[in-house]
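Asker: Mind looking at a prediction? Sequence and model below.
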Amino acid sequence: MGLHLSQLCRKPAERGREVKKAASNPDFTQEKVFAVLNDYLGPESPLPLDLAVEYLLKLLPIDAPDSEEICRFGEDCFELAEMASYKTSTHSRLAQLLEALGLSSHFTFLTQENGRVWRFNLLKHSMEDFCAGPDSENPERYVNYNSFLAHLYEHRIFPTDPTYALWAMRAAFEDDRSHEAKEVRSSWVLGASQWILWNGQSIFNLILEPALYDVTYETWPDRGAWDAGALYRGATGLSLERWQFWKRRFGEVCQDCEVTDECKGVSARAMAMMDLFEKHMMF
């Protein structure tokens, strides 16, 4: 990508997170890890995936998924993702890299209670830390953030869970945004559209087959997480009714003079894809 480590503006980590300070790999330096990421994502003669995985596993601590190094690595991935446009292959390639890295003990731990294996626990914390709406200075970062998340869920980096997709849709279409600037309003919608572009078929599949969920409306710790916004009067949770409401709202955006041309064009794509999923995935 041609970036330098100093260009990253890491967000402060959420308080209360337990991160081990001691590094188990003395060869680790953040600069070396960033250099590998930069080479892997470079547009000219990029580093192949298998070599990127090999180099990173040598640099990152072994059997320490809760280490400070792993935490920083996840934050750098999100920072790079927010800086890269959703129109490029960066988000897909980062997701592929994490998918491959997730097979190692560097990023997994075994729970004592039920013996279940968890991956990327600190990466999920970074995902939560970076979760914020668009700001007037850099509204495109919110769009890129949602694009990266959609790719992560499509690659099954995290358990199947539509919560973040639902939040993006609710923020764009179920909350009143009429008082916000044109660029910010557009970013809310563009952020929501990323879930349809990159994860839409999987999301619609959850509507058709709720048994595919790893978490449901009944088991989600915060029952209000899937509630409806003020502009949507239908049932809460993920349903065909709510999906079709979002599809109609994408269609309305296409005719809205208070959003950017980019937003109109991408909204038209999202609406068309949603319509195709309905027509060809329901038997």
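Answerer: That came through fine.

Asker: Name the next helix or strand following the longest helix anywhere in the chain along the chain.
Answerer: The residue-count maximum for a helix in the chain (DSSP state H) belongs to helix 182-208. Sequence order places helix 240-253 as the next helix or strand after helix 182-208, per DSSP states H and E.

Asker: which residues are in contact with that following helix?
Answerer: Residues from elsewhere that reach helix 240-253 (Cβ atoms under 8 Å, 6 or more residues apart in numbering): 169, 172-173, 189, 192-193, 196, 204, 207, 228, 232, 234-235, 259, 263-264, 267-268, 270-271, 274-275, 278. C-beta: built from backbone N, CA, C; applies to glycine.

Asker: Let me see the mean pLDDT of that helix.
Answerer: Mean pLDDT, computed over helix 240-253, is 97.

Asker: Can we start the residue count at 304 from this point?
Answerer: Okay, using 304 as the starting number, the last item reads as helix 543-556.

Asker: What residues does residue 452 make contact with?
Answerer: Taking Cβ under 8 Å, 6+ apart, we find residue 452 in contact with 430, 467, 497-498.

Asker: which SS class is it?
Answerer: helix (DSSP: H, G, I helix; E, B strand; the rest coil).

Asker: before we move on, the earlier item: please produce a markdown table containing the contacts of residue 452, extended by distance to residue 484, neighbour count and pLDDT.
Answerer: Formatted as a markdown table, the contacts of residue 452 follow (distance: Cβ to Cβ, whole Å; neighbours: other Cβ atoms under 10 Å; pLDDT from 0 to 100):
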| residue | distance to residue 484 | neighbour count | pLDDT |
| --- | --- | --- | --- |
| 430 | 26 | 20 | 79 |
| 467 | 24 | 21 | 92 |
| 497 | 20 | 26 | 99 |
| 498 | 23 | 27 | 98 |
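
Asker: Which of these sits closest to residue 341?
Answerer: Minimum distance to residue 341 across those is 21.3 Å, recorded for residue 430 (Cβ to Cβ).

Asker: Extract the CA atoms of stretch 380-396 and return them as PDB.
Answerer: The C-alpha coordinates for stretch 380-396 follow below in PDB (Å, rounded to 0.1, in the frame of the first residue of the first chain):
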ATOM      1  CA  CYS A 380      -5.400  -4.400  10.400                       C
ATOM      2  CA  PHE A 381      -8.400  -2.300  11.200                       C
ATOM      3  CA  GLU A 382      -6.500   0.900  10.700                       C
ATOM      4  CA  LEU A 383      -5.200  -0.200   7.300                       C
ATOM      5  CA  ALA A 384      -8.700  -1.300   6.300                       C
ATOM      6  CA  GLU A 385     -10.200   2.000   7.200                       C
ATOM      7  CA  MET A 386      -7.600   3.800   5.100                       C
ATOM      8  CA  ALA A 387      -8.200   1.500   2.000                       C
ATOM      9  CA  SER A 388     -11.200   2.100  -0.200                       C
ATOM     10  CA  TYR A 389     -13.900  -0.600  -0.400                       C
ATOM     11  CA  LYS A 390     -13.400  -0.400  -4.200                       C
ATOM     12  CA  THR A 391     -10.000  -2.100  -4.000                       C
ATOM     13  CA  SER A 392      -9.100  -5.700  -3.100                       C
ATOM     14  CA  THR A 393      -7.500  -4.700   0.200                       C
ATOM     15  CA  HIS A 394     -10.400  -5.800   2.500                       C
ATOM     16  CA  SER A 395     -10.800  -9.100   0.700                       C
ATOM     17  CA  ARG A 396      -7.000  -9.800   0.900                       C
END
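
Asker: Can you list the buried residues in it?
Answerer: By neighbour count on 16 or more other Cβ atoms under 10 Å, the buried set for stretch 380-396 is 380-387, 389, 393-396.
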